[in-house]
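Asker: Fold the following, please.
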Amino acid sequence: MSRINIAHEREVAAYFQSLGINQGCGDVQYRLIALVLAGNEGKITRFSDIRAYTDHVADRGSVASKLKTVFLLEGLAERVQRGGYVVTDKGLVAARFIEETSKFYRKSVRIDAIIERIP
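Answerer: Numbering: from 1, shown residues only. Now for the predicted structure:
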């Protein structure tokens with residue numbers, strides 16, 4: 001699994017929240033969970049693996065709640081054992097979308113920097 005930059009994900013989530021998007025790409029917990037699950041594609045992701053990233057931004061109960069009410073309910077992940085999850089194809093699509101929103105954010109920040117330098 002590749003390292004996930006928590007500070008960057010927070011920054012991107014804050015950007016989308018400033019646009020009024022508070023779910024999905026504007027929710028840092030959602031972003032982190034989706035990326036961790038996708039990073040373990042084809043393998044079981046332990047709840048502790050997810051918490052290694054999300055503990056920096058949320059408490060354990062809210063992460064478990066997000067997993068149950070969003071990821072499992074919407075079919076983005078499946079529970080395969082106690083504390084073990086696998087990402088579904090739908091979850092991989094969601095993770096790819098999260099990655100694309102990060103690219104959009106970087107491009108937007110770059111364009112804003114260029115515009116600021118124009119006299």
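Asker: Which residue lies nearest the spatial centre of the chain?
Answerer: Against the mean C-alpha coordinate of the chain, by CA atoms, centre = their mean, the closest residue is residue 31 at 1.2 Å.
Asker: Next, the contact list for that residue, please.
Answerer: Going by CB atoms under 8 Å, 6 or more residues apart in numbering, residue 31 touches 9, 12, 13, 25, 98. Placement of C-beta: from N, CA and C, glycine included.
Asker: for it, phi and psi?
Answerer: phi -60, psi -50 (degrees, to the nearest 10).
Asker: quick revisit: need the worst-confidence member of the contacts of residue 31.
Answerer: Checked by pLDDT, these have residue 25 as the lowest-scoring entry (84).
Asker: Residues in a beta bridge with the residue lying closest to residue 79 once chain neighbours are set aside, which ones?
Answerer: Leaving aside its sequence neighbours, residue 79 sits nearest to residue 85 (CB to CB, 6 or more residues apart in numbering; 5.7 Å). When bridges are called by DSSP bridges, residue 85 pairs up with residue 45, residue 79.
Asker: is it true that residue 85 touches residue 47?
Answerer: Yes - using CB atoms under 8 Å, residue 85 is in contact with residue 47, at 7.4 Å.
Asker: circling back: what pLDDT does the residue nearest to the centre of the chain get?
Answerer: Residue 31 is given a pLDDT of 94.
Asker: buried stuff in the worst-scoring helix or strand of the chain on mean pLDDT?
Answerer: Within the chain, no helix or strand scores below helix 60-66, which has a mean of 86 by mean pLDDT, DSSP states H and E. For helix 60-66, burial by neighbour count (16 or more other CB atoms under 10 Å) applies to 63, 64, 66.
Asker: that older thread, tell me, what's touching residue 85 and residue 47 both at once?
Answerer: Counting by CB under 8 Å, 6+ apart, the shared contacts of residue 85 and residue 47 are residue 67.
Asker: ok, these two, which is more surrounded?
Answerer: residue 85 (25 against 17; other CB atoms under 10 Å).
Asker: give me every residue that touches the more buried one.
Answerer: 37, 44, 45, 47, 50, 67, 71, 72, 77, 78, 79.
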